[in-house]
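Novice: Pasting the sequence and the predicted coordinates here, then a few questions.
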Amino acid sequence: MIKNFTIILFLFVANNNGYVGKFSYAERSELDWSDFRGKPETNSHFDAAVNTGITYQWSYGKDKGEIELNYQVDSFCYPSLSWVKRGQMSKALLSHEQLHFDISELHARIMRKRLKEYRAGENIRRDLNKMYKLVERMRINMQERYDEETDHSKNAANQKKWEKKIETLMWYYRDYEK
């Protein structure tokens, strides 16, 4: 497993001129066009694509017989995998891509909430992997629905609806910001 990961990481580094970069939402939540450093996919029907995701780490120990779960959840942007076609850098398109990053952060908050509420049992690893897979599936589904309903930023009315929806959900999960 580690061997495969090393090979994949080597190929990723080799294909990006040695640059593997990311920044978390906590470090910088607002995107800028300079964050889109990847090579544009000229065959794509889209004008831009931001690459975001969530990660989590966890460990546990026992304190006085009680299981104590420690975890960290982050949402990230990967600039070397994000791209924009020449001449397409509009404010509206950047706002659309920004909301993709916000959606990833929203799901990081959802994961933090679920982890905080989790009561450790006998199968912690299985439980947490199942939890992460569910939240990740929810994130991907929301990202896809967002693009469908906004027609990848071309439907301005639906774009505004989604901006309000995500703003409301981010407020609802504000206690799980970090």
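Specialist: Yep, that arrived. Numbers count the residues shown, from 1 in each chain.

Novice: where does Y71 land in three-state SS?
Specialist: strand (DSSP: H, G, I helix; E, B strand; the rest coil).

Novice: Likewise for the one 3 residues further on?
Specialist: Following three-state DSSP, the label given to D74 is strand.

Novice: Can you report how many residues lie near it?
Specialist: 21 (other C-beta atoms under 10 Å). Where you see a C-beta, it was placed from the backbone N, CA and C, and this is true even at glycine.

Novice: Which residues does it form beta bridges with?
Specialist: T55 (DSSP bridges).

Novice: In contact with it, which residues?
Specialist: D74 makes contacts with 24-26, 54-56, 108, as judged by C-beta atoms under 8 Å, 6 or more residues apart in numbering.

Novice: Would you format these as TSV with neighbour count included?
Specialist: What follows is the contacts of D74, written out as TSV (neighbours: other C-beta atoms under 10 Å):
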residue	neighbour count
S24	16
Y25	22
A26	13
I54	23
T55	14
Y56	18
A108	28
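
Novice: Can you give me the distance of the residue nearest the centre of the chain to P40?
Specialist: By C-alpha atoms, centre = their mean, the chain has its centre lying nearest to G53, at 2.5 Å. Counting by C-beta to C-beta, to the nearest Å, the gap from G53 to P40 is 20 Å.

Novice: Repeat that for F23.
Specialist: 21 Å.

Novice: Then E27?
Specialist: From E27 to P40 the distance is 25 Å (C-beta to C-beta).

Novice: out of those two, which sits in the busier spot?
Specialist: Using other C-beta under 10 Å, the more surrounded residue of E27 and P40 is P40, with 16 against 10.

Novice: Check the secondary structure at that one for me.
Specialist: Put simply, P40 is coil when judged by three-state DSSP.

Novice: Can you report how many residues lie near V84?
Specialist: Using other C-beta under 10 Å as the criterion, the residues surrounding V84 number 22.

Novice: wait, I meant L94
Specialist: The burial count for L94: 21, using other C-beta under 10 Å.

Novice: Hmm, it is touching S34, no?
Specialist: No. L94 sits out of contact with S34 when judged by C-beta atoms under 8 Å, with a separation of 10.8 Å.

Novice: And the pLDDT at D63?
Specialist: You'll see D63 listed with a pLDDT of 82.

Novice: and it, how many neighbours does it have?
Specialist: D63, neighbours per other C-beta under 10 Å, totals 8.

Novice: Could you count how many residues lie near F36?
Specialist: 23.

Novice: Hmm, V84 and it touching each other?
Specialist: Yes. F36 lies in contact with V84 (C-beta under 8 Å); the separation is 4.4 Å.
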